[in-house]
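**Q** Predicted model, plus sequence, below.
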Amino acid sequence: MPAAGHVSKGIVSRRLVHYRAELETRLIVGAKTRLARKKRVKIIPFFPAQAGAYPAAAAWCALMLFQGSVRGQTGSARQTQPQSLAYRNTTRGVGYVGSRVCAGCHADIYEKFTKTDMAHSMSLASDPAQLEKVPAPVTIHDEKFNRYFQVFRRNSSLYQSEYELGPDGSEVFRNTQKVEYAIGSGANGVSYIVRQGDYLLQAPLSYYSKSRSWALSPGYELGDYGFSRTIPAGCIVCHSGLAQPVPNRYGVYREPPFRELSIGCENCHGPGQLHVEERTKSTPLSGRSDTAIVNPASLPGWLADNICMNCHQGGDTRVPQPRRDYYDFRPGTALDGAVAIFALPLSRDSPPASPLLEHYSLMVLSKCYRSCGGRMSCLTCHDPHEQPRSDAAGYYRKRCLSCHQETSCSVPLLVRRRKAPPDDCAGCHMLKQSLALISHAALTNHRIVAHEGEPYPEEAFHQTSPELPDLVHVNAVPGEKRAPSPLVLLQAYGELMSSHPQYRERYLGLLDQLARTNPDNPAVLSGLAWRSLGKGTPEGREEATRYLWRAIELGSTSVADYESLGELLGRAGRTQEAIATVRRGIQLDPHDDRLYKSLALLCISARRYSEAIVAMKKELDLFPQDDFMRALLKKAEAAQPAP
């Protein structure tokens, strides 16, 4: 079938060159570097924007910011913290019971909590409150990508569509999906999730409360992602009460995906099974406190603040500890035991540009925090169980006056009372800031300032430690003077160095070290493959192939490893092995569009045209917005001989 072969010599061969260069770049951290994947752009959800309802301090997780010390807990704020009670529900194996069980004994607290934004962090898309946002179909046109998006109701369900119109006005494609879940309380906006089999994916349109309008979801201005943005566990665990992600599978969830939709009691108190069993049996307490359930108010400040930090502190990269994942954190334990948070050191030329997910790191740069001798914490300003509505300014002013005096303010009282809202401490000293990454939204900046434009304190520029001189370990345990795990740092440097090349040498140095101490770690093997490819020689490609084979044999769950190995095998003329490898990758993640492209191109190069067409059609079933694949399929079908 020479005509189809001609396709591979034209657009196909050029595309292979393009993919080869891109794949080699993406091998930086192999199985663990999700941020390097184009379609898996970091999802920017609405949960921080819900902080807009909390004018004084942290918001959506409502346990507030954090005590402890300045970012890496350096300088005078760094101190050895008192030991906390050994809560028994922090151990693995203690089960979750759900917030409604807690309500049986704690009805008053539960009733107050249900009125907070946090208690409405997630809902079914079929809820009346969501359906009311679409009294009639809404259509959005994205001129950049020439795509139309529509949201509409059908009976008691919500749907979204993406479609393209040709020059004659006819539809080129249309992809319509039923929306299953809504993320966000609506304080600033709501994003939506569709479900395809065991996968959860983001919908392209979101609702923005401030403008009362529908528009592209955050991040969709960067690319035509359609319904292909997989929802990772690292995002959903902070939006839901109890998600059920499948370990080591990106975007895959058990049935049902959520045992509890909205954030609930156990997100902050830990699993409640042991507490419920013992209180039901009236088991005598062994001391003055019930150690069967975490009480954040009884924890040392830094440890209680770690609960909030889990969802309110982003940093520049967050890396799960070896053999741990984002959902392994238990309140009452150090967050760093599950996830390490790192930030680039601040410089006077590059102060923080956005308060998005920087509640803790900004708060600890406040004079209030630095002058309190470790007494200030999230709970100083917030009660996680309630959210002020009618007089938020007065509510938070009382918190300020627990440390300050009325005479502390230099603005005359009469002047303050003329403002709207009147006498609003937070309104003057914790300014709201628009978010560049989320349209129509603003977030309270948690650095408490005496006046707008106040410069950053000198401590802001000295937050690293001797153990880690080039990164700020934001959630380091107070008093612990040890460097993070080399495996964790390898991933951190790998994720950062594409945009901050100063970390390249650090990454390569750690890679050499880990090649000796952890030679069978898939992330290490993937990094070694990337380095070998950088040699630009046939020998380097052979080395990379061996490293990737080994990573997959040892259980790599990174589809990038399968895709990259398939590309290398195809380039070496080992086409049958390449096709088999890419097929294995598709089995691992059937929602990765690049794998289908690789498979189709490899099948064409092997003259297995019917298989190539099957792969193209399957890809277009999942990603109908893919212009390249649509054009390639058209050429391949036209080139087939008549039956």
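**A** Okay, I see it.
**Q** in stretch 146-154, what counts as buried?
**A** For stretch 146-154, a neighbour-count test (16 or more other C-beta atoms under 10 Å) marks Arg147, Phe149, Gln150, Val151, Arg153 as buried. Bear in mind the C-beta positions are built from the backbone N, C-alpha and C, glycine included.
**Q** Also stretch 513-528?
**A** Buried residues in stretch 513-528, counted by 16+ other C-beta under 10 Å: Leu514, Ala515, Asn518, Asn521, Pro522, Ala523, Val524, Leu525, Ser526, Gly527, Leu528.
**Q** Ends of it, what's the gap?
**A** Stretch 513-528 stretches 11 Å from its first residue to its last (C-alpha to C-alpha, to the nearest Å).
**Q** Residue numbering should commence at 7 henceforth.
**A** In the new count, where the first residue is 7, that last one comes out as stretch 519-534.
**Q** got the phi/psi numbers for the residue most central in space within the chain?
**A** Most central residue of the chain, judged by C-alpha distance to the mean C-alpha position with C-alpha atoms, centre = their mean, is Cys241 at 3.7 Å. When quoted as degrees, to the nearest 10, the phi and psi of Cys241 stand at phi -90, psi -50.
**Q** Just the ones of the buried residues of stretch 152-160 in helices?
**A** Counted as lying in helices by DSSP state H, out of the buried residues of stretch 152-160, is not a single one.
**Q** Of the residues you listed, which belong to strands?
**A** When strands are assigned by DSSP state E, the members of the buried residues of stretch 152-160 inside them are Arg153, Phe155, Gln156, Val157, Arg159.
**Q** residues in contact with the nearest residue in space to the second one that is not next to it in sequence?
**A** If the residues on either side of it in the chain are set aside, Phe155 comes closest to Ile146, at 4.6 Å by C-beta to C-beta, 6 or more residues apart in numbering. For Ile146, the residues meeting the contact criterion (C-beta atoms under 8 Å, 6 or more residues apart in numbering) are Tyr154, Phe155, Gln156, Leu211, Trp220, Ala221, Leu222.
**Q** From Trp220, how far out is Ile146?
**A** Ile146 sits 6 Å away from Trp220 when distances are taken as C-beta to C-beta, to the nearest Å.
**Q** for Ala92, same thing?
**A** Taking C-beta to C-beta as the measure, Ala92 and Trp220 are separated by 50 Å.
**Q** quick one, which of these two is more surrounded?
**A** Using other C-beta atoms under 10 Å, the more surrounded residue of Ala92 and Trp220 is Trp220, with 21 against 9.
**Q** these two touch, right, the more buried one and Tyr214?
**A** Yes. Trp220 is within contact range of Tyr214, at 7.5 Å (criterion: C-beta atoms under 8 Å).
**Q** so Leu248 bridges to which residues?
**A** In this entry, Leu248 is beta-bridged to Glu266, by DSSP bridges.
**Q** what's the burial count for it?
**A** By other C-beta under 10 Å, the residues close to Leu248 number 20.
**Q** for Ala239, same thing?
**A** As a burial measure, Ala239 scores 23 neighbours (other C-beta under 10 Å).
**Q** Please name the nearest non-neighbouring residue to it.
**A** Of all residues apart from its sequence neighbours, Pro251 sits closest to Ala239 (C-beta to C-beta, 6+ apart), at 3.8 Å.
**Q** Strands along the stretch 457-606 of the chain, start to end?
**A** Across the stretch 457-606 of the chain, reading from the start of the chain, the strands by DSSP state E, counting those that start in this stretch fall at 478-479.
**Q** Render the CA-only coordinates of stretch 104-117 in CSV, please.
**A** Listed in CSV are the C-alpha atoms of stretch 104-117, where the atom choice follows Å, rounded to 0.1, in the frame of the first residue of the first chain:
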residue,chain,number,x,y,z
GLY,A,104,-18.3,10.0,57.6
SER,A,105,-19.4,13.4,59.0
ARG,A,106,-23.0,12.3,59.5
VAL,A,107,-21.9,9.8,62.1
CYS,A,108,-20.1,12.6,63.9
ALA,A,109,-23.2,14.7,63.8
GLY,A,110,-25.0,12.1,65.9
CYS,A,111,-23.2,13.4,69.1
HIS,A,112,-21.9,16.8,67.9
ALA,A,113,-25.1,18.1,66.4
ASP,A,114,-24.5,21.8,67.3
ILE,A,115,-20.9,21.9,65.9
TYR,A,116,-22.0,20.0,62.8
GLU,A,117,-24.9,22.4,62.2
